[in-house]
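K.L.:
just a sequence and a predicted model for now, questions to come.
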Amino acid sequence: MSAACHHAPVRLKPDTTIDDLQHDIDALIDAPALARSYWGVLVKSLRGGETLYERNPRRLLMPASNMKVVTLAAAAERLGWDYTYPTALFAAGPIADGILRGDLVVVGSGDPSLTIEAGDALFAEWADALKRAGIRTVAGRVIGDDNAFDDNGLGFGWSWDDLPDDYAAAVSALQFNENTLHVTIAPGPAAGDSAGVHVTPPGSSLAIVSSVMTSASGAATAIGTRRLPGSMRLELTGTIAAGSPSAALAVSVDNPTLFFTTALRSALIARGIDVRGAAVDIDDVEAAPPRGELPLATHRSPPLSTLALRLMKDSQNLYAETLLKTLGGLGGAGGATAEGGRREVAAALQPWGVAPDSLIQRDGSGLSRYDYVTADALVTILTHVAGDQRLRGPFDASLPIAGRDGSLMNRMKGTRAEGNARAKTGSMSNVRGLSGYVTSASGEPLVFAILANNFDVPGPTISATEDAIVVRLAAFAR
């Protein structure tokens, strides 16, 4: 934890003991409303490793996005915080009289950071690079080479009904705008009219089929999405009230590679490069053309230390799945696969004391309901990171800060934990998690992991209990 996030030590009443702390946390978890829930909790001091509280610390529970703690820690260990993703542009054919007599091939390695804004800037640079190379016309296609990753873009065990949403976007070695479209739905002039639909950016190849209708003024807006795995058809259903503001949805694309090449082709044409052929995925090319040995242009992503901010602060699933695939590429045989990534994660974490039976990992983000981890494993990882000078700084900086930013921006405000606790959240149906660091009232650095499963109360009720535990830790003094 950085010193700037610590509260000054204060002296509390002398009877504030570990027994008091344990009693108070027990009372929070044992509240009658939580009787059906199941908890795994572990709190330790980072000074000497003393256990201050535990409940089922070695029981396997679904972590939701607390799995990102696992993935990022292993990625930082194996790749290093300076790791970047290159994307390169090649000519596949001779250049003469201003014409590339062949295809333009873009080769990706998984860069997840090319948003619309970053992509526009990059594609403008690439248009200039083509002109400097004497290319004003591309006679062939724009081919996206995504072979650095396997083609299994979805995580193992993801629910099919999550797939239309941005948080379940498939990963690829070529990625644009986090493989996400922004859909704006506006009400028609009067009840009974069809709603208007606008999609940004264009060129996703998704067929948007909307049956959204305008309902009476003042009615609730209810819009649903449906897209089957592998389908290019996105269905929009429901109603939006007349006179209401437009509704905004973020939806995933089906083919990230084709989305990238389409965006690149359109940008090149807009900047004066005549591209005669279509945008295509290399998997749809019968025989990939040989390309030049030297790229026309190369772009590198921000380093992992910067990518980690989007991954952890905002809990961006695509980044986690990209890192898992990237780790899989380190293993040699088998290539950049999620399966290879899982092996690399286990190999990285076992020397830290993470037992093989304390972690069942199926994806990088925690979206899979086949993921399981123990509170003890999370605390072991966080403890190692806190004690490793190579890993600690950027990892700590990536965690949401209670009451200040990321997924904790609106939590624990006005308490001793605000500006103090740094932790990764986790949230999906009947699963909540919160794991990280907090400094006690007496200046003692603590590490904690809180997992809750199988509850029948609203999720915010569980999150409030997690917050109350962390606030109690922040007030602890001895």
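P.N.:
Cool, the structure landed.
K.L.:
make sure Thr298 is indeed in a strand.
P.N.:
Yes - under DSSP: H, G, I helix; E, B strand; the rest coil, Thr298 falls within a strand.
K.L.:
count of neighbours near it?
P.N.:
By other C-beta atoms under 10 Å, the residues close to Thr298 number 14. Glycine gets a C-beta too; all of them are placed from N, C-alpha and C.
K.L.:
got it, and Ala216?
P.N.:
Neighbour count for Ala216, taken as other C-beta under 10 Å: 12.
K.L.:
then Ala336?
P.N.:
The number of residues near Ala336, taken as other C-beta under 10 Å, comes to 22.
K.L.:
quick one: the closest residue to it other than its chain neighbours and Tyr319, what's the gap?
P.N.:
The spatially closest residue to Ala336, leaving aside those adjacent along the chain, is Gly329, at 3.4 Å (C-beta to C-beta, 6 or more residues apart in numbering). Gly329 is 16 Å from Tyr319, where distance means C-beta to C-beta, to the nearest Å.
K.L.:
the two: which has the busier surroundings?
P.N.:
Applying other C-beta under 10 Å to Gly329 and Tyr319 shows that Tyr319 carries more neighbours, namely 29 against 20.
K.L.:
quick check: closest non-adjacent residue to the more buried one.
P.N.:
Among residues not flanking Tyr319 along the chain, Leu311 sits closest, at 4.0 Å (C-beta to C-beta, 6+ apart).
K.L.:
do you know the pLDDT at that neighbour?
P.N.:
pLDDT recorded at Leu311 is 98.
K.L.:
now swap in the one 5 residues further on and tell me
P.N.:
At Gln316 the predicted local confidence, pLDDT, stands at 98.
K.L.:
mind listing what it touches?
P.N.:
112, 178, 310 (C-beta atoms under 8 Å, 6 or more residues apart in numbering).
K.L.:
change it to 6 Å
P.N.:
Each residue near Gln316 by C-beta atoms under 6 Å, 6 or more residues apart in numbering is listed here: Arg310.
K.L.:
do the same with Gly155
P.N.:
Gly155 sits next to 321, 363, 367-368 when contact means C-beta under 6 Å, 6+ apart.
K.L.:
the closest residue to it other than its chain neighbours in helix, strand or coil?
P.N.:
Sequence neighbours aside, Asp363 is the residue nearest to Gly155 in space, at 3.5 Å (criterion: C-beta to C-beta, 6+ apart). Recorded secondary structure, Asp363: coil (three-state DSSP).
K.L.:
that older thread, now a PyMOL select for only the buried ones of the contacts of Gly155.
P.N.:
In PyMOL, this line selects whichever of the contacts of Gly155 come out buried by 16 or more other C-beta atoms under 10 Å:
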select buried, resi 321+363+367+368
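K.L.:
make a markdown table out of the contacts of Gly155 and add pLDDT.
P.N.:
A markdown table is the format used below for these (pLDDT from 0 to 100):
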| residue | pLDDT |
| --- | --- |
| Glu321 | 98 |
| Asp363 | 98 |
| Leu367 | 98 |
| Ser368 | 97 |
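K.L.:
which of the contacts of Gly155 sit farthest apart?
P.N.:
Using C-beta to C-beta, the contacts of Gly155 span at most 10.2 Å, a distance reached by Glu321 and Ser368.
K.L.:
any stretches of the stretch 351-478 of the chain with poor pLDDT?
P.N.:
Within the stretch 351-478 of the chain, no stretch has pLDDT under 70.
K.L.:
quick one: the strands in it, in order.
P.N.:
359-360, 372-373, 422-428, 431-439, 445-453 (DSSP state E, counting those that start in this stretch).
K.L.:
buried deepest among the ones you listed, which one?
P.N.:
Stretch with highest mean neighbour count among these: strand 431-439 (a mean of 27; mean count of other C-beta atoms under 10 Å).
K.L.:
what comes into contact with it?
P.N.:
With contacts defined as C-beta under 6 Å, 6+ apart, strand 431-439 is touched by 1, 6, 62-64, 66, 69, 378, 399, 420-426, 445-447, 449-453, 462-463, 466, 470, 473-474.
K.L.:
each with direction, which strands does that strand pair with?
P.N.:
Strand pairing for strand 431-439, using DSSP bridges, gives strand 422-428 (antiparallel), strand 445-453 (antiparallel).
K.L.:
which one of the strands of the stretch 351-478 of the chain lies nearest to Pro256?
P.N.:
With distances scored as C-beta to C-beta, the stretch of the strands of the stretch 351-478 of the chain nearest to Pro256 is strand 422-428 (22.8 Å).
K.L.:
show residues contacting that closest one.
P.N.:
Contacts for strand 422-428 (C-beta under 6 Å, 6+ apart): 63-66, 68-69, 399, 401, 407, 433-437.
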